[in-house]
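Chemist: Need coordinates for the below:
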Amino acid sequence: MNKKFFSLSKEKQQTIINAGYRVFSQNSYKNSPMREIADAAGISKSLLFHYFHNKKELYLFLWNKCAKITIEFLTRYECYSQMGLFESMERGMQAKMEIIRLYPDMGNFTIKAFYEKEPEICAAIQESYHKLKADQMRLNFDPDQFIPGIDIAMMYREMYWATEGYFWEIAQRGNVNIEQMEKDLTKLIAFWKSIYLRKE
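Modeler: A predicted model of the protein is given here:
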């Protein structure tokens, strides 16, 4: 990509990024024209191609930007420094709500990108995802906080599947209600606490 993109103001960068997230989250990769992204960003198609040489480059930039934004906000909310799993999850939820306010379509884009089957980008997305997942799995929480004898790996998988399913459902609705999401996730975390945490 052209590094001149980063010389734009933060506001203009965010406008272009959000335009990309919006268009790509509403269509498949193949059916997302650069002209539509440029129009959504309020710039010409030629200028968009000046910053990103082709659609694949823009798409992968947006995918990697998701990871950078997420890590930045999770760090800011001190998710990685918590010893308690659910304290980390609660902070993570707050971080993600803040991300949604700034990048409303990023979550839907992430889901769409993960399931994208276009050969041109599928392999790159999956490779990047598995690397990020491996990095996240390095987080180690104190096992003594959980009830004795629990299969911690299975617990993680169950929570992962539940949250992925929830966000997939939200994506299908196409209408993100941040307040309702926060209520739903708070309730879900409270439920997990009640069944997985060791009783004092």
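Chemist: what stretches of this protein score poorly on pLDDT?
Modeler: Counting by pLDDT under 70, the low-confidence segments of the chain come to 132-140, 174-176.
Chemist: mind listing what's buried in stretch 68-86?
Modeler: I69, T70, I71, F73, L74, Y77, C79, Q82, L85, F86 (16 or more other CB atoms under 10 Å). For glycine as for every other residue, the C-beta is placed from the backbone atoms N, C-alpha and C.
Chemist: hmm, who's touching that stretch?
Modeler: Taking CB atoms under 8 Å, 6 or more residues apart in numbering as the criterion, the residues outside stretch 68-86 that touch it are 88, 91-92, 94-96, 98-99, 103, 106, 139, 141-142, 145-146, 189, 192-193, 197.
Chemist: change it to 6 Å
Modeler: Contact partners of stretch 68-86, identified using CB atoms under 6 Å, 6 or more residues apart in numbering, comprise S88, R91, G92, Q94, A95, I99, F141, D142, Q145, I189, K193.
Chemist: now stretch 107-122
Modeler: Under CB under 6 Å, 6+ apart, the answer for stretch 107-122 is Y21, F24, S25, Y29, K30, K56, Y59, W63, C66, I125, W168, A171.
Chemist: And those, which two are furthest apart?
Modeler: The widest separation within these, taken as CB to CB, falls between K56 and W168 and amounts to 24.6 Å.
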